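Student: Sharing a model prediction with you, sequence too.
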Amino acid sequence: MLSTLLSQIVNGLVLGSLIGLIALGYTMVYGIIQLINFAHGEIFMIGSYGGLAMFTFLLPTFVQQQWYFALPLLLIGGAAVSVAVAVAMERFAYRPLRNAPRLAPLITALGVSVALQEAVRVFYPGATSALPFPRIFIQGSYIVPIGDGVPIRYTGVLIIVVSLVLAVGLQQFIERSRMGRAMRATAQDRDIARLMGINPDRVIVLTFVLGGALAGVAGVLYGADLGFINIDIGFQTGIFAFTAAVLGGIGNIRGAVVGGLVIGLVKSLGGQYLPGGTAYDYVWIFVVLIVVLVFRPQGFFGETERVRA
């Protein structure tokens, strides 16, 4: 039915927008320091718990009851916690290994991912099981009058709008601002950038700040949409986000967003229409990734690397 197809497309766009927002962190860090930060999914998870902690322990009751007060405060709180953890991670885990062989920071990223997940499980009250997340936005759905009606959750609309606005804002920041030009210069050649007066350490920290902030916002939006969070969401969603970054061309901002949308649509439509249903939606996502990389190894928007003799 047409309504079912359109509903699955809407669900895919909502999920894809969230994945794309997280994938921006993966692609920025790789573009600057060629590090696959596997702990970035846990930064997303910590952002959701940071927003929940702010709502539970810091906001007075009258603020909790008004979504137009609670929502921006939770977004700021979740982003702030994620940024703090991301900056600490860069300073104490990655910076000492910056000139080490690539395998060392990769293994460190995996270790940091496990450590962050276990830290939340041990120290956050009740984190051993799923926790309810407050409904901090308008509840219900808008029914688009097509066919039998296509429902679009208001929280889904929020996710799409916020994700696109932040992605466009990030693209404009990188293309037009002074620090954005410094980021592009550092990505091209860190040593030459240093000779031109750019501080690579400051640029790298800024990259982790931006990626952490986006992941923190995504974590709060995830909780607001689904109504619960748990410590496993970082790994699960992080795998999707990393796949989206690779699919779109890792290191490319636009590619991360497009890759996220593709992953979201494949998961949603594949679970509905392809053999195996939702039990095989992960399979179809990686089938698409393999097919794309076979014919275009650099991803949708990636550039082919030229090796000089």
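Tutor: That came in fine, so what should we check first? Residues are numbered from 1 along each chain as shown.
Student: alpha carbons only for contacts and neighbour counts from here, please
Tutor: Fine.
Student: mind listing the strands for the stretch 51-200 of the chain?
Tutor: 131-132, 141-144, 150-153 (DSSP state E, counting those that start in this stretch).
Student: for the second one, packing partners?
Tutor: Under the contact definition 3 or more CA pairs under 8 Å, 6 or more residues apart in numbering; DSSP states H and E, strand 141-144 sits against strand 150-153.
Student: What of the last one?
Tutor: For strand 150-153, the packing partners by 3+ CA pairs under 8 Å, 6+ apart come out as helix 2-33, strand 141-144.
Student: Please identify the most buried of the ones you listed.
Tutor: When you average the neighbours per residue for each of the helices and strands packed on strand 150-153 (mean count of other CA atoms under 10 Å), helix 2-33 leads with a mean of 25.
Student: quick one: average pLDDT of that one?
Tutor: Model confidence over helix 2-33 averages 93 on the pLDDT scale.
Student: How about stretch 87-107?
Tutor: Along stretch 87-107, the predicted confidence averages to a pLDDT of 92.
Student: Mind listing residues that contact stretch 219-229?
Tutor: Contacts of stretch 219-229 from elsewhere in the structure, counted by CA atoms under 8 Å, 6 or more residues apart in numbering, are 18, 44-49, 51-52, 74-75, 78, 130-137, 155-156, 159.
Student: Do a quick rundown of the strands in the stretch 201-309 of the chain.
Tutor: Counting by DSSP E, counting those that start in this stretch, the segments of the stretch 201-309 of the chain that form strands are 228-229.
Student: if you go through it in chain order, where are the helices?
Tutor: Read by DSSP state H, counting those that start in this stretch, the stretch 201-309 of the chain holds these helices, from start to end of the chain: 233-248, 253-273, 281-295.
Student: Nearest to Val203 among the strands of the stretch 51-200 of the chain would be which one?
Tutor: Proximity to Val203, assessed across the strands of the stretch 51-200 of the chain by CA to CA, is greatest for strand 131-132 (36.1 Å).
Student: Out of the helices and strands packed on strand 150-153, which gets nearest to Phe173?
Tutor: Scanning these with CA to CA as the criterion, the closest one proves to be helix 2-33, at 12.7 Å.
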